[in-house]
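Novice: 3D, please:
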Amino acid sequence: MKIRNSTHFKLFLFTSLIALIGWLMQSVLKPEWVHTKFWEIILFYGLLTLFSGLLIQYLIKISKENFASILLLGTIIRFLASIVFIGVLLYLGVENLILFVVNFFVVYLLYLLFDIYALITNLRPHSK
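Specialist: Predicted coordinates for the structure are as follows:
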């Protein structure tokens, strides 16, 4: 039962849920609300959250006393990678810019909520 409690499994479920909602929006409800690059955004954030989470876990194992600095580093890496991702897609000429930015930041905020949830659940056992 360790798999159900692992952060990676929860990340997979969370990414699958966002993809399902995006697919439902695109197929059934309001297809004009979902940008054509929506799937690239989900893939980018899923992989970015996975790799930054693995990096954070590795660094915390090495140095537990720098916990806050390591979490801040992970947040900065995600933020800078997001800016680079937006910059590359804008340079390549993405159409319907407003819809792209709205979809990007909705997914960004959802993954930020996931990070906060994961952080709170990991801190709760340490606070006792």
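
Novice: Hmm, Ile18 and Trp39 touching each other?
Specialist: No. Counting by Cβ atoms under 8 Å, Ile18 is not a contact partner of Trp39; they are 10.5 Å apart. Using the backbone N, CA and C atoms, a C-beta is placed for each residue, glycine as well.

Novice: quick one: which of these two has more around it?
Specialist: For Trp39 and Ile18, the more surrounded residue by other Cβ atoms under 10 Å is Ile18, and the numbers stand at 20 against 14.

Novice: Ramachandran angles for Asn96?
Specialist: Geometry field for Asn96 lists phi and psi as phi 50, psi 70, criterion degrees, to the nearest 10.

Novice: residues touching it, list them.
Specialist: His35, Thr36 (Cβ atoms under 8 Å, 6 or more residues apart in numbering).

Novice: Quick check: the gap between it and Lys10.
Specialist: Relative to Lys10, Asn96 is positioned 32 Å away (Cβ to Cβ, to the nearest Å).

Novice: What mean pLDDT does stretch 80-99 get?
Specialist: Regarding stretch 80-99, the rounded mean pLDDT is 87.

Novice: shaky segments in this structure?
Specialist: Low-confidence segments of the chain, defined by pLDDT under 70: 1-5, 31, 33, 122-128.

Novice: Which stretches in it count as helices?
Specialist: Under the criterion DSSP state H, helices of the chain are mapped to 2-5, 7-24, 38-62, 67-92, 97-123.

Novice: in the fourth one, what's buried?
Specialist: Okay, so that is helix 67-92. Ile70, Leu71, Gly74, Arg78, Ala81, Ser82, Phe85, Ile86, Leu89 (16 or more other Cβ atoms under 10 Å).

Novice: Between these, which sits nearest Thr49?
Specialist: The closest of the buried residues of helix 67-92 to Thr49 turns out to be Arg78 (Cβ to Cβ; 7.4 Å).

Novice: I figured the closest one hits Thr49, correct?
Specialist: Yes. Taking Cβ under 8 Å as the contact criterion, Arg78 and Thr49 are neighbours in contact, 7.4 Å apart.

Novice: hey, what's in contact with both of those two?
Specialist: Each of Asp115 lies in contact with both Arg78 and Thr49 under the rule Cβ under 8 Å, 6+ apart.
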